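sequence and predicted model, in that order:
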Amino acid sequence: RALGDVDFKGWGAGNSDRRPEPCFAYPEDHPRRFSADLLVAAPEVTTVALTPGDAFVLIATDGLWDVVEPDEAVRVAKALLDGGATPAQACARMVDRALRLGSGDNVTVLLVQLEWSGPGAAGT
């Protein structure tokens, strides 16, 4: 995990002397120390074989997935692309959508448009 949530990183035992105090709203009786990092970089990974019928790959942080179901995200992205949006414009709209729906996390969206050639590709 390389982006965002800097206040949650590196606060394991022994690190508190080397970094400034994080901006947490501690309860009064909290010892202000943690025994490990508060974030674990264990991504959710799904492996899928792509086929010539696939038009794009949509990758996003949990800031999107917390408020938008995967099927809805695909429908919205497809509608935006079909309506003439570029992948960058579609990503920006997806980020805006997540924020409007109340996402309280970092939101990053990456859309990779696929172009197929050869047997089975559209138009061949």
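Now that the structure is in, tell me what you want to look at.

show me where pLDDT drops low in the chain?
1-25, 34, 37-41, 119-124 (pLDDT under 70).

would you map the strands across it?
Defined through DSSP state E, the strands belonging to the chain, from first to last, are 56-60, 109-113.

just checking: what are the partner strands of the first one?
As defined by DSSP bridges, the strand partners of strand 56-60 come to strand 109-113 (antiparallel).

centre of the chain to the partner strand, how far?
11 Å (Cα atoms, centre = their mean, to the nearest Å).

CSV for the strands of the chain, including distance to residue 27 and mean neighbour count?
C-beta here means a position set from N, CA and C on the backbone, and glycine is covered the same way. As requested, the strands of the chain are exported to CSV (distance: least, Cβ to Cβ, whole Å; neighbours: other Cβ atoms under 10 Å):
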stretch, distance to residue 27, mean neighbour count
strand 56-60, 33, 15
strand 109-113, 35, 16
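
can you show me the CA trace of stretch 103-110 as CSV?
Taking C-alpha atoms only, stretch 103-110 is exported to CSV below (Å, rounded to 0.1, in the frame of the first residue of the first chain):
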residue,chain,number,x,y,z
SER,A,103,-17.3,7.6,0.4
GLY,A,104,-15.1,8.6,3.3
ASP,A,105,-12.0,6.9,1.9
ASN,A,106,-9.4,7.7,-0.7
VAL,A,107,-11.0,7.0,-4.2
THR,A,108,-8.8,6.0,-7.1
VAL,A,109,-10.2,4.6,-10.3
LEU,A,110,-8.2,3.1,-13.3
